[in-house]
Each structure stands twice: as C-alpha cells, then as structure tokens.
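>>> test case, fold it:
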Amino acid sequence: MFILSNFISAVANILDVLLNIIYWLIIIRALISWVNPDPVNAIVQFLYKSTDPILEPIRRRLPLNFRFGIDISPIIVILLVIFSRSFFIKSLFDLSMWIRFK
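Numbers count the residues shown, from 1 in each chain. Model (predicted):
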C-alpha cells in the first residue's frame, strides 16, 4: 500500500506547486494592472495568456450589478486557491498517510 500512498503524496505535491504558481501569477497580474502595462511586452502577454483562462469564467459568472469598476475576479481566484491548498491538498496528504499506516 505504500506505492499508492507515495502516488497520492506525489499528486498532492504537484497540485500544491501548480496552485502556488497560479496564486503568484494572479497576484502579479493584479499588481501590473495598476500601472497600465505595455500590451506588447512579452511578460505582460504571458501573464494575460496564462491567467485569462482562469479569470474569464469567474468574470462571466459575476452579476452585472456586482461589477462596479473594480475587477474582483483575482480576489475570488486567490481565495479559491487558498481554500484548495488548505482543504484539498492537506486532505490528500492526510489520505496518503492514512493509507501508509493502515
């Protein structure tokens, strides 16, 4: 059973790293949006291309009366990432330990 435990632990580690990368990309994009970035800059294009697929579904689901000039979709994504890391990733690690010592 240690193989399954190691596999679940490895998946949890990979998901944790991916969620951490998403977290920082969203924060960097939000910070850059405050300074009117050059849209032809390669770094700005990378940030937009990597975060738009995550932010657009949330922007579409926000009601029109909730959009008051400030894009709160990065805040929602950051909260979802924090929740996922706190709940799902830790649950996967706990599951792998439970399988290992069962």
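
>>> show me how far the longest helix along the chain is from its chain's centre.
Ranked by residue count, the top helix of the chain under DSSP state H comes out as helix 2-32. Averaging C-alpha positions (C-alpha atoms, centre = their mean, to the nearest Å) puts helix 2-32 8 Å from its chain's average.

>>> packing partners of that helix?
Counting contacts by 3 or more C-beta pairs under 8 Å, 6 or more residues apart in numbering; DSSP states H and E, helix 2-32 is packed against helix 42-61, helix 73-84, helix 90-100. In short, each C-beta sits where N, CA and C put it, glycine included.

>>> show me which positions of the longest one end up buried.
Buried residues in helix 42-61, defined by neighbour count with 16 or more other C-beta atoms under 10 Å: Leu47, Thr51, Ile54, Leu55, Ile58.

>>> which neighbouring elements make contact with that helix?
Looks like helix 42-61 contacts helix 2-32, helix 73-84 (3+ C-beta pairs under 8 Å, 6+ apart).

>>> quick one, the first one and helix 73-84 angle?
So the one you mean is helix 2-32. 160 degrees (axes from the mean of the first three to the mean of the last three C-alpha atoms, to 10 degrees).

>>> and helix 2-32, average pLDDT?
Per-residue pLDDT over helix 2-32 has a mean of 95.

>>> in it, what's buried?
Ser5, Ile8, Ser9, Ala12, Asp16, Leu19, Ile22, Tyr23, Leu25, Ile26, Arg29, Ala30.
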